[in-house]
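Novice: sequence-free structure coming up:
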């Protein structure tokens, strides 16, 4: 594909001449406030940017497949909940405006823009319900689960002011693609991206092929006669008007190189989740098989009628406390062999916890055998890992603020506010231990000062005092 794009027939000048890149360059200019005369598109988007993982021989899980794994085993969804909930704690649930800061607190336009964006986030909607905390939580959950979270900027009727961010379902919303019969062969069925940035240029909604009209024509809640399709059987197709980058927010936590789409957690874990489900099913089946006594009878009978008669006579063996058998008959209880299901399950859960970036102990919700000190270290390590995720969420929401402000105030407006999570509060025990340690250090310095001072060594005493004050960032020139 790279050869096709670099072929003289489809070089950069040809793409510009055909109008393919003109809109995308304007989009890049409006987003980054770059002077068109200074913008240079010196490299073309690579195959991964245009076509995704399949361009390098990797089959990416489609969003339609992912719920099959998320809904059939609790480990991964619980891990995602833990990651997201610990970040949501760092938001002001009573006033989201306290997490939104004007870029310049002395500039009236900057303050107005912060109030404007606070109102947008406060009214943001998920599944028909508004609320900034709910919106941010689901935005992050979608990005972890499906690779990308999407939200559109919903405007007033004039289209000049954004009223709210509206969550889009990651299965039925995504990057728009050039048609299969596109005039430039190298771009057929490839994503529409902005060459200057590699970001998606246009997005689109998807519907199940040829079923949307029929769904709304009949009773949409009555599917008793409809066959249930497997995720692999369901095919989607784009519909409706394509939505430009300037009207969409996109969040992802993990990409391959400069890929435009995120990589879902399940891309790494779907084999592991599939295996752990097999192990658990096998373990349950073993318990069912050997939950009741099973018997083997050794008899001298040679004919089928006698064997059947004997079988009927002991058919209720599990209901009897004792049975009498004929001479020469021996009955043995079948003993199950030992299995290593628990060991294998533990290994698989470790792999899941490793990818999620959390401790298996926290994932399983068990901590009876762990002390508080060890747990604190585990939680602190998780929080350090979450900090990078917080930055990704902040970047995506701030991108939405930038786009909303440019729509209302003009493409050159650069005073959009910044959304930020609160700082993580310190554990009370950690604070007490630190203060105790600091007080003991201070007492030791004071003791050394008194010894030197009482011994008549004034210069040494002053030196000790100066070093202590410097260590505490207390500088007194006197």
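Specialist: Here it is on my side, so go on. Only a predicted model underlies this, so the values are computations on that prediction, with no experimental measurement involved.
Novice: Tell me if I'm right that residue 175 and residue 194 touch.
Specialist: No. At 11.5 Å, residue 175 does not count as touching residue 194 under the criterion of CB atoms under 8 Å. Every C-beta, even on glycine, is put in place using the N, C-alpha and C of the backbone.
Novice: okay, and the common contacts of these two?
Specialist: residue 200 (CB atoms under 8 Å, 6 or more residues apart in numbering).
Novice: Give the full set of residues in contact with the closest residue to residue 63 other than its chain neighbours.
Specialist: Residue nearest to residue 63 in three dimensions, not counting chain neighbours: residue 171, with 4.3 Å by CB to CB, 6 or more residues apart in numbering. Counting by CB under 8 Å, 6+ apart, residue 171 touches 63-64, 67, 146, 206, 236.
Novice: mind redoing it with 10 Å?
Specialist: For residue 171, the contact set (CB atoms under 10 Å, 6 or more residues apart in numbering) comprises 62-67, 142, 146, 206, 231, 234, 236.
Novice: what's the farthest-apart pair in the residues you listed?
Specialist: 142 and 234 (18.9 Å; CB to CB).
Novice: Give me the more crowded residue out of those two.
Specialist: Legend: neighbour count by other CB atoms under 10 Å for residue 142 and residue 234, higher for residue 142 (27 against 14).
Novice: unless I'm mixing things up, that one is touching residue 151, no?
Specialist: Yes. Judged on CB atoms under 10 Å, residue 142 makes contact with residue 151 at a distance of 9.1 Å.
Novice: Identify the contacts common to those two.
Specialist: Joint contacts of residue 142 and residue 151 (CB under 10 Å, 6+ apart) are 126, 167-168, 173, 251.
Novice: which of those has the most neighbours?
Specialist: residue 251 (24 neighbours).
Novice: That one bridge partners, please.
Specialist: Counting by DSSP bridges, residue 251 forms beta bridges with residue 149.
Novice: In contact with it, which residues?
Specialist: Contacts were defined as CB under 10 Å, 6+ apart; by that measure residue 251 touches 136, 139-140, 142-144, 147-151, 262, 389, 392-393, 395-397, 399-400.
Novice: Setting aside sequence neighbours, what's the nearest residue to residue 48?
Specialist: Nearest to residue 48 is residue 259, by CB to CB, 6+ apart, at 5.0 Å.
Novice: Next, work out how far apart the one you found and residue 194 are.
Specialist: 14 Å (CB to CB, to the nearest Å).
Novice: can I see the domain layout of the chain?
Specialist: Listed by automatic domain parsing, the domain ranges of the chain are 2-269+385-419, 295-333, 428-471.
Novice: can you put the ones you listed in CSV and add distance to residue 352?
Specialist: Listed next are these as CSV, based on distance: least, CB to CB, whole Å:
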stretch, distance to residue 352
domain 2-269+385-419, 5
domain 295-333, 38
domain 428-471, 29
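Novice: Those domains: which one's closest to residue 358?
Specialist: Between the domains of the chain, domain 2-269+385-419 lies closest to residue 358; by CB to CB that is 5.7 Å.
Novice: How far off centre is that closest one?
Specialist: Relative to its parent chain, domain 2-269+385-419 has a centroid offset of 14 Å by CA atoms, centre = their mean, to the nearest Å.
Novice: how about low-confidence regions in the stretch 301-450 of the chain?
Specialist: Low-confidence segments of the stretch 301-450 of the chain (pLDDT under 70): 314-325, 332-340, 366-383, 425-436.
Novice: Can you show me the strands along the stretch 351-478 of the chain?
Specialist: Assigned by DSSP state E, counting those that start in this stretch, the strands in the stretch 351-478 of the chain fall at 418-419.
Novice: count of neighbours near the closest residue to residue 400 other than its chain neighbours?
Specialist: Distance criterion CB to CB, 6+ apart; nearest residue to residue 400, sequence neighbours excluded, is residue 249 at 4.1 Å. The number of residues packed around residue 249, counting by other CB under 10 Å, is 24.
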